[in-house]
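Q: Provided below for reference: sequence and predicted model.
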Amino acid sequence: MQLENNPMFRKAPVPWHDSGIACIIGAFVTLGIALFATVGIRVAAAYHEPWILWVPSLLFVISAGLFISLVIRFSRRRKSEK
């Protein structure tokens, strides 16, 4: 079901995943995951085996990318509100 271009009595609903509070919560969660991954990298490095570093490194890269994406989305959203 598509939304009408000009709804008569209400604004078009904002998807919940694109709301400001969801961006903030997601940014804090991914920041926590990135910090957890850095601890994992330090622990894995203590074992002196390079093949074990790929899991926490991949977790860090994915969470950091998602964090950056959420911060950009939130800043664009705040800029368009002003």
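A: Done, it's in. Not measured: the values here are computed from a predicted model.
Q: and the strand or helix carrying L59, what other elements does it pack with?
A: Secondary structure assignment for L59, by DSSP states H and E: helix 54-81. The elements that helix 54-81 packs onto, with contact taken as 3 or more CB pairs under 8 Å, 6 or more residues apart in numbering; DSSP states H and E, are helix 20-46. C-beta here means a position set from N, CA and C on the backbone, and glycine is covered the same way.
Q: List the buried residues of the helix it packs on.
A: By neighbour count on 16 or more other CB atoms under 10 Å, the buried set for helix 20-46 is 22-23, 26-27, 30-31, 33-34, 37-38, 40-41, 44.
Q: low pLDDT regions in this protein?
A: 1-14 (pLDDT under 70).
Q: about what we covered before: so how far is the helix holding L59 off the chain centroid?
A: 4 Å (CA atoms, centre = their mean, to the nearest Å).
Q: what do you get for stretch 47-63?
A: Counting by CA atoms, centre = their mean, stretch 47-63 comes out at 19 Å from the chain centroid.
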